[in-house]
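Q: Sequence first, predicted coordinates after that:
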Amino acid sequence: MSRTRRQIFKAFQANKQIWTSILLLLITSWVAHFYFFQNFGLYEDDYYYVGLPLQWDFKELWHHVQTVLTTWPQGRPVGLAFPQLLAFLGFQLAGISGVYLIGFAIVTLNIIGFYVIARTFLTSETAFLAALIFCLFPADTTQTLLTHSLQLQSSLLFAIAASYCLLHQKKKSAYFLGTLSLLTYETPFLILFWIPLLNPRPERPLMRRMILHFMILCVIVLVIFSVRKWIGEERAMHVDLDIFQKILTSLILGPWTVITVFLSTPSIVLSRLDQESGILIFFFFSVFLWKLTSYQTETPRLDRKEFKLLLLSGFLMMTAYLWSFSHFPPSAVVGRLTSVHLAAVFGSSLMFAVLASIASHFLYLKQIRTVLLYGIALYLGLLMGYRWMIQKDFEKSWQNQQAFWTEMHYNLGDLSDDTLVLVDQVRLPQTRFIATHSWADFMILKQLYSFPENWKSPPRLFLAKIRQNSAYSWQVLHNSEWSEEILKWSHRYSKVILLVKDVKQGLFFRPGGEIQIGQKTFELSPPARFDNSLIRAPLFNELIRNTNIGEKNLDTFLNKERIDQSVQRKEIRKLQQWLSHVDSGKFPGLSAYLQTSIQKIYTEMRY
């Protein structure tokens, strides 16, 4: 063995406990958040923040970066430049899966970074437990979502790096990284206010150092807020007195929601337990138990420091919601809006671990500490099962989207300029932890196809609640979620395509007739044979699947429509023959009126 290898081996042996902990955290992060990454796609906000960069070339990417760094959209210049850059590079390397690998790297760096920080003021066992809770934090279900893993988790990464620098007296680097965090996404920046108090050997005098630290952070916030106000950023321009009531409410409601989720997660997992998740839970229960029991050689010692850490972790948890007024109330427990709990992960993880440590000290005296370790390992295994459920929902949502947009592709083969597409949203499948359909649906057609530049009003698709008034009359209901958007956009279009689902076939079809949107009535574009010659955009190959099945289903449905309409035409001809024998003298004008009406219906039924 060479000298260099011997040195590496000795270094590993000397820090074996640390390296095995880091390896286990990496594996846990992978299985908890990205195990099914090859079956993931884009969801909700992803279509804007990630989907658009997939269509760019290097010139367009550079133009975007320059624009956001000079105009500060949403007051987050780094947050709207850095993630798009990562999305572009990841997609160029390995498609959407490449972007997810970058997201995994950021999320995992946060977990390992937190573990490294926790080791500076906690025992090895407590620090590892805190890092596991940080990884499996159940209140925020969005770590898998690309927009959040690239933007929000990047902000958290900057904040964790700044925290490390603060604990190691690297002040300039800390405040620079803290500023980057604030310019990426605001809430993780709040963690930095209390970090110096976590230092086991704080600078003296502590009170004066903390006042100076608070002043520096407040100056950074005021400067950035002033710039946002100066450039007219919307949220900075609409700060009112109501905001203080929301802040005070959030300081209580946010932590209460997190505690509720911590307590309720095991019952949720057990209620939806299946064989696959059961095996996973048992496996990680065994792994976590092995790891936690390996620390039993350490002598437990209870001192006031742990109670101080418990109090401080509570402050970290509460103040994480100071800026949650933009997502008020901070009570979301599933879905995209659970990111409101992002910054609370730091304080919550510390609180859980310190509470477990204090409990172990008391239980150690009664020789039942092992029971506590079994309970903690089982709880962590159930949290892993919860993350597994979330991933399965992401996988199912993407499958739903692929099925939906594949069917849209074959029903919209005659897409042209100046066309508004409406889809009846009844009986569309949804998922719990991430939405299958969202506000971003209207922009997906432009990401599937590269529409000609000379098209003045490219097609847009909206989901709507549709009511059928008669055989050939339809209406968009006003209580539809997107009815206002549909009404706004309808004034820009002259052609409308309607898609409703056939209950028996389970497929969408395009009815004829007319549709009322607000006070305006549109003639519906009749069904057409598939002849889509549009250029396909990069997202097409990711979202459109099972093309042969799509063609078969479409042909089957079109044949069914032809048979049905053939029977209807025969009935109309019989009615016309009967009307020709009606004595128009007895019924003046009736025969001619009915003949005209029936002829109109017959014409509308033609392809």
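A: That came in fine, so what should we check first? Numbers count the residues shown, from 1 in each chain.
Q: switch to C-alpha atoms for all contacts and neighbour counts from now on
A: Noted.
Q: So, low pLDDT: which residues of the stretch 151-300 of the chain?
A: Under the criterion pLDDT under 70, the flagged ranges of the stretch 151-300 of the chain are 203, 236-241, 296-300.
Q: for it, what spans make up the helices?
A: Chain-ordered helices for the stretch 151-300 of the chain, with DSSP state H, counting those that start in this stretch as the definition, fall at 153-167, 171-184, 206-230, 234-237, 242-271, 275-293.
Q: do the same with the stretch 1-150 of the chain
A: 3-14, 16-33, 46-49, 58-71, 82-118, 124-136, 146-147.
Q: any chance of these in TSV, with mean pLDDT too?
A: Below are the helices of the stretch 1-150 of the chain laid out as TSV (pLDDT from 0 to 100):
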stretch	mean pLDDT
helix 3-14	57
helix 16-33	93
helix 46-49	93
helix 58-71	91
helix 82-118	94
helix 124-136	95
helix 146-147	94
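Q: Pick the most buried one from those.
A: Mean neighbours per residue, mean count of other Cα atoms under 10 Å, is largest over these for helix 146-147, with a mean of 28.
Q: what sits up against that helix?
A: Under the contact criterion Cα atoms under 8 Å, 6 or more residues apart in numbering, helix 146-147 has outside partners 42, 45-46, 49-50, 83, 99-100, 103.
Q: and if you look at stretch 454-469?
A: Where contact means Cα under 8 Å, 6+ apart, the residues beyond stretch 454-469 that reach it are 415-426, 441-446, 451, 474-477, 479-483, 486, 492-493.
Q: nearest to I517, of the contacts of helix 146-147?
A: Using Cα to Cα, D45 comes nearest to I517 of the contacts of helix 146-147, at 27.1 Å.
Q: In the stretch 351-500 of the chain, where is pLDDT below threshold?
A: The low-confidence ranges in the stretch 351-500 of the chain, as defined by pLDDT under 70, are 364-367.
Q: can you pull out the strands in it?
A: Secondary structure of the stretch 351-500 of the chain (DSSP state E, counting those that start in this stretch): strands at 419-424, 449-450, 460-464, 466-470, 473-476, 495-501.
Q: Would you tell me which of the ones you listed gets closest to P202?
A: Between P202 and these, the shortest gap by Cα to Cα is with strand 460-464, which sits at 57.1 Å.
Q: what angle separates that closest one from strand 495-501?
A: With axes from the mean of the first three to the mean of the last three Cα atoms, to 10 degrees as the criterion, the two stretches strand 460-464 and strand 495-501 enclose an angle of 40 degrees.
Q: Can you check what angle separates strand 460-464 from strand 419-424?
A: Counting by the same axes, to 10 degrees, strand 460-464 lies at 20 degrees to strand 419-424.
Q: With distance to F262 as new columns, can the strands of the stretch 351-500 of the chain be given to me in a markdown table?
A: Putting the strands of the stretch 351-500 of the chain into a markdown table (distance: least, Cα to Cα, whole Å) gives the following:
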| stretch | distance to F262 |
| --- | --- |
| strand 419-424 | 38 |
| strand 449-450 | 44 |
| strand 460-464 | 35 |
| strand 466-470 | 40 |
| strand 473-476 | 42 |
| strand 495-501 | 40 |
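Q: how about those in TSV, adding mean neighbour count and distance to Q55?
A: Formatted as TSV, the entries for those read as follows, by neighbours: other Cα atoms under 10 Å; distance: least, Cα to Cα, whole Å:
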stretch	mean neighbour count	distance to Q55
strand 419-424	21	22
strand 449-450	16	9
strand 460-464	21	18
strand 466-470	13	33
strand 473-476	19	33
strand 495-501	20	26
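Q: To L383, which of the ones you listed lies closest?
A: Checking these against L383 by Cα to Cα gives strand 460-464 as the closest, at 34.9 Å.
Q: Partner strands of the closest one and their direction?
A: Strand 460-464 pairs in its sheet with strand 419-424 (parallel), by DSSP bridges.
Q: among the helices of the stretch 151-300 of the chain, which is the most enclosed?
A: The densest packing among the helices of the stretch 151-300 of the chain, expressed as mean neighbour count by mean count of other Cα under 10 Å, is seen in helix 153-167 with a mean of 25.
Q: Give me the distance from it to the chain's centre.
A: Computed by Cα atoms, centre = their mean, to the nearest Å, the chain-centroid distance of helix 153-167 equals 23 Å.
Q: For that helix, name the packing helices and strands.
A: Using 3 or more Cα pairs under 8 Å, 6 or more residues apart in numbering; DSSP states H and E as the contact test, the elements touching helix 153-167 are helix 82-118, helix 171-184.
Q: let's see 10 Å
A: Packed against helix 153-167, as judged by 3 or more Cα pairs under 10 Å, 6 or more residues apart in numbering; DSSP states H and E, are the following elements: helix 82-118, helix 171-184, helix 344-365.
Q: Helix 206-230 and that helix, what's the angle between them?
A: Using the same axes, to 10 degrees, helix 153-167 lies at 150 degrees relative to helix 206-230.
Q: All further residue positions should be reported with the first residue as 36.
A: Sure, I'll start numbering at 36, so the last one becomes helix 188-202.
Q: Only the C-alpha atoms, please, for helix 188-202, written as CSV.
A: Output in CSV follows, covering the C-alpha atoms of helix 188-202 (Å, rounded to 0.1, in the frame of the first residue of the first chain):
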residue,chain,number,x,y,z
GLN,A,188,-32.9,24.8,-1.4
SER,A,189,-30.1,26.9,-3.0
SER,A,190,-31.1,29.8,-0.7
LEU,A,191,-30.9,27.4,2.3
LEU,A,192,-27.5,26.2,1.1
PHE,A,193,-26.2,29.7,1.1
ALA,A,194,-27.7,30.3,4.6
ILE,A,195,-26.1,27.0,5.9
ALA,A,196,-22.7,28.0,4.4
ALA,A,197,-23.0,31.4,6.0
SER,A,198,-23.9,29.8,9.4
TYR,A,199,-20.7,27.6,9.1
CYS,A,200,-18.6,30.8,8.5
LEU,A,201,-20.2,32.6,11.4
LEU,A,202,-19.4,29.7,13.8
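Q: related to what we said a few turns ago, minimum distance to T179: which of the strands of the stretch 386-535 of the chain has it?
A: Per Cα to Cα, nearest to T179 of those: strand 495-499, 25.5 Å.
Q: and the closest one, C-alpha only, in CSV?
A: What follows is the C-alpha trace of strand 495-499 in CSV, where atoms were taken according to Å, rounded to 0.1, in the frame of the first residue of the first chain:
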residue,chain,number,x,y,z
ARG,A,495,-53.6,28.4,-25.1
LEU,A,496,-55.3,25.7,-23.1
PHE,A,497,-57.4,26.1,-20.0
LEU,A,498,-59.3,23.8,-17.8
ALA,A,499,-62.8,24.9,-17.1
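Q: Just give me the neighbour total for Y220.
A: Residue neighbour count, defined by other Cα atoms under 10 Å, stands at 23 for Y220.
Q: R371 too?
A: Around R371 there are 21 other residues, counting by other Cα under 10 Å.
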